[in-house]
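Peer 1: here is my input, please return the structure:
(2 chains)
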There are 2 protein chains.
Amino acid sequence: MPQKFIVIIAGGKGERFWPQSRAARPKHLLPVVGTTPLLAQTLARIKGIVPAKNIFVITSAAQAKSVRTVCPGVPASNIVAEPVGRDTAAAVGLAAALVGARDPHGVFAVLPADHVIRDRRAYQSDLRTAFAAAAAEPVMVTIGITPTEPATGFGYIRRGPAWKTFGGRRLDRVRRFVEKPRLAVAKRYLAAGGYVWNAGMFVWSVPVVAAALARHAPALDAVLAPIRLALARGQRLAPVLRKAYPKLPRISVDYALLEKSPQVVVLPASFDWDDVGAWPAVMKHSAADAAGNVMRGPAVVEQGKNNLVFAEGRHLVAVLGLNDLIVIHTADATLVCPKSQAQHLKALLQRVKSLKGGTRWL
Amino acid sequence: MPQKFIVIIAGGKGERFWPQSRAARPKHLLPVVGTTPLLAQTLARIKGIVPAKNIFVITSAAQAKSVRTVCPGVPASNIVAEPVGRDTAAAVGLAAALVGARDPHGVFAVLPADHVIRDRRAYQSDLRTAFAAAAAEPVMVTIGITPTEPATGFGYIRRGPAWKTFGGRRLDRVRRFVEKPRLAVAKRYLAAGGYVWNAGMFVWSVPVVAAALARHAPALDAVLAPIRLALARGQRLAPVLRKAYPKLPRISVDYALLEKSPQVVVLPASFDWDDVGAWPAVMKHSAADAAGNVMRGPAVVEQGKNNLVFAEGRHLVAVLGLNDLIVIHTADATLVCPKSQAQHLKALLQRVKSLKGGTRWL
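Peer 2: Just a heads-up that it's a prediction; the model follows:
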């Protein structure tokens, strides 16, 4: 009987929730929604599915220290820092190597660290279903989210014919993966039905991932080989990663493996889900005043509605005569932008970077 | 030959430049324009017209300490704190009492502390002309500002027929004082010509003010009597002011004296003038970037124009996708409002006051 593992991908550049998020403190380390970091919420949500020693967290060098603090229950050696970011295919390859060293037939889930999911019972039930499928058959199981709007920020998965049933839940074959669509296309998908969002949640076995890497991503696989070897020999991992990682191609797991594999099935999630992609998403999860203003810390809004106003410490943020505005004050930086622009902080942060000593604020 | 005096009125509630200005630190104590407090700029501007011992500054109890720091050249006993604010007629009555105790025939100018005037030479020339007129004739001399726009924030003075010439400058009789007009009326004045703004700059003698108080404001005059008596006897002023001031009627000098006196003349100013009434006015006096953004401290604006963005210390303020916005960050409070609302901070500050412990920020 293969062992079960969960690998949490806890990376990110800390741009989308700037100035609260920073390079060394991205979204999953912040209580963007709720009172604990999203990573801590993710760990609480999976509790009981696998033993703590079978939980891995893959993060970045800059974030590793904070991640350890947030994950006191996870063995320190299970928290692995990528020396440089190389997109999700590399992380999945590393995950397979880590799990494979513990159980060459292990089944593992890859889960993002920074999503908001409230229905823990449904989430755990879906995960168990996916584990059962991935343990029984040589497939890649994706957990897809039923769209609620024509989002253009996610990839879509087109469901195919029914595949099999596990624990009373039916999984479908995947007809195809679609990269982030234009709005018109997203609207068509929403109207047509039969599409789910790709939320980056996968369950599969070490042999299935290993075979797919060898077949569909041989360049990636070759660079991963010394990492697997070091793990098999019980050598220290960090020096091997430092040497191998820069050579890994930057490629997403969707593109490298899932789109190319005929063995992908999808379980439509039965739980609520929000990836909380940018500041405005926080408003959905927060209590607002009568005018729709969401405030944290000492904040006032006069003659304004639907604003998000955060103030830190004993600093007052006072907004007058403005609507649909984001104002985020932190100890050393303040962001002011309209909600409609909150998805596009990149250009602003480039500007900050270009200031003398500007990286201090990033 | 009567002595000359200058009395600077340095009051204000510190609301219009919040959060930089506070109850104890209003506009005249701030370098809103330039690098020194506006009060210091005012003192520098009058230098040489009267000896330092003939300069008085009337301020409030809350501001007195800071005012003394800003006015090292003015004798401490010449800086007089009103225990409570009672509008400009009370301040002028106090000014006349202070000057009268030094020279019963003294001629004195009453000047605001918080205006921006760059042409010092023209300013001093106009002041000397006004002093000459007020010393030669029993008149109230106002220095009026030629309007450059249909402002609704100032009173207007309608010039009458020519009165006399002093030092080559012609002064006119005043036909009437007009309180802050509606926009349509202000536009008519601007088109018609013959109107100047009332900038609160007056030059007159002690006997002229004393007679006007006795005749047009007997209630005010009666409360001022013990103050004059205490000054004549060389008694300590503070206890007398504390007792008398609360009894003084709240009334402006325009309404109490100037509108009622037939002896008012006007000298149209030959200098530039700006009362810097609110945050947007600061932009006129500051260098802007190519997009019209005026910034102080660590500030960036991306995809935005004509914004005023101030940051204090090493705190970064980053604005994205917004135009015509005011963002003022200070150590303990930040204001965000559109330029069009910057004249209307009162309601916002009422809201701040209503917060638990909200006076901390006022």
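Peer 1: so who does the residue in chain A sticking out farthest from the centre touch?
Peer 2: Distance to the chain centre peaks in chain A at residue A:303, reaching 37.3 Å (criterion: Cα atoms, centre = their mean). Neighbour list for residue A:303: A:320, A:321, B:341, B:347 [criterion: Cβ atoms under 8 Å, 6 or more residues apart in numbering or on different chains]. Glycine gets a C-beta too; all of them are placed from N, C-alpha and C.
Peer 1: export the residues you listed to TSV and tack on secondary structure?
Peer 2: As requested, those are exported to TSV (DSSP: H, G, I helix; E, B strand; the rest coil):
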residue	secondary structure
A:320	strand
A:321	coil
B:341	helix
B:347	helix
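Peer 1: if we ignore the residues flanking it in sequence, what's nearest residue A:304?
Peer 2: Nearest residue to residue A:304, sequence neighbours excluded (Cβ to Cβ, 6 or more residues apart in numbering or on different chains): residue A:322, at 4.8 Å.
Peer 1: could you look up the SS state of residue A:214?
Peer 2: Classified using three-state DSSP, residue A:214 is helix.
Peer 1: how about the residues of the stretch 1-150 of chain A that lie near chain B?
Peer 2: Applying Cβ under 8 Å from any Cβ of the partner chain, we find that the stretch 1-150 of chain A lies next to chain B at residue A:19.
Peer 1: same thing but 6 Å
Peer 2: Counting by Cβ under 6 Å from any Cβ of the partner chain, no residue of the stretch 1-150 of chain A lies close to chain B.
Peer 1: and whichever residue of the stretch 1-150 of chain A sits closest to chain B, how many neighbours?
Peer 2: Nearest residue of the stretch 1-150 of chain A to chain B, counting by Cβ to the nearest Cβ: residue A:19, 7.4 Å away. Each residue near residue A:19 was counted by other Cβ atoms under 10 Å in any protein chain shown, and the total is 25.
Peer 1: I'd assumed residue A:45 was in a helix, is it?
Peer 2: Yes. Counting by three-state DSSP, residue A:45 is located in a helix.
Peer 1: domain assignment for chain A?
Peer 2: According to automatic domain parsing, chain A comprises the domains A:4-268, A:279-361.
Peer 1: just put those domains in CSV and tack on mean pLDDT.
Peer 2: Below are the domains of chain A laid out as CSV (pLDDT from 0 to 100):
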stretch, mean pLDDT
domain A:4-268, 96
domain A:279-361, 96
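Peer 1: number of nearby residues for the residue in the stretch 51-200 of chain A positioned nearest to chain B?
Peer 2: In the stretch 51-200 of chain A, the residue found nearest to chain B is residue A:153; the distance is 18.2 Å by Cβ to the nearest Cβ. Residue A:153 has 12 neighbours, counted by other Cβ under 10 Å.
Peer 1: for it, what are phi and psi?
Peer 2: Note on residue A:153: backbone dihedrals following degrees, to the nearest 10 are phi -100, psi 0.
Peer 1: helices of chain A, start to end?
Peer 2: Here chain A has its helices, by DSSP state H, at A:38-46, A:64-70, A:87-102, A:120-136, A:183-192, A:206-216, A:218-232, A:237-244, A:253-256, A:279-284, A:345-354.
Peer 1: pick the most deeply packed of the ones you listed.
Peer 2: The highest mean neighbour count among those, using mean count of other Cβ atoms under 10 Å in any protein chain shown, belongs to helix A:87-102: a mean of 24.
Peer 1: distance to residue B:72 added to the helices of chain A, as JSON lines?
Peer 2: Converted to JSON lines, these look like this (distance: least, Cβ to Cβ, whole Å):
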{"stretch": "helix A:38-46", "distance to residue B:72": "56"}
{"stretch": "helix A:64-70", "distance to residue B:72": "51"}
{"stretch": "helix A:87-102", "distance to residue B:72": "64"}
{"stretch": "helix A:120-136", "distance to residue B:72": "68"}
{"stretch": "helix A:183-192", "distance to residue B:72": "65"}
{"stretch": "helix A:206-216", "distance to residue B:72": "77"}
{"stretch": "helix A:218-232", "distance to residue B:72": "71"}
{"stretch": "helix A:237-244", "distance to residue B:72": "62"}
{"stretch": "helix A:253-256", "distance to residue B:72": "70"}
{"stretch": "helix A:279-284", "distance to residue B:72": "49"}
{"stretch": "helix A:345-354", "distance to residue B:72": "41"}
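Peer 1: for residue A:11, which of those helices is the nearest?
Peer 2: Residue A:11 sits nearest to helix A:87-102 of all the helices of chain A, at 7.3 Å, using Cβ to Cβ.
Peer 1: what about the closest residue to residue A:246 other than its chain neighbours, neighbour count?
Peer 2: Leaving aside its chain neighbours, residue A:246 sits nearest to residue A:84 (5.8 Å; criterion: Cβ to Cβ, 6+ apart). When neighbours are defined as other Cβ under 10 Å, residue A:84 has 13 of them.
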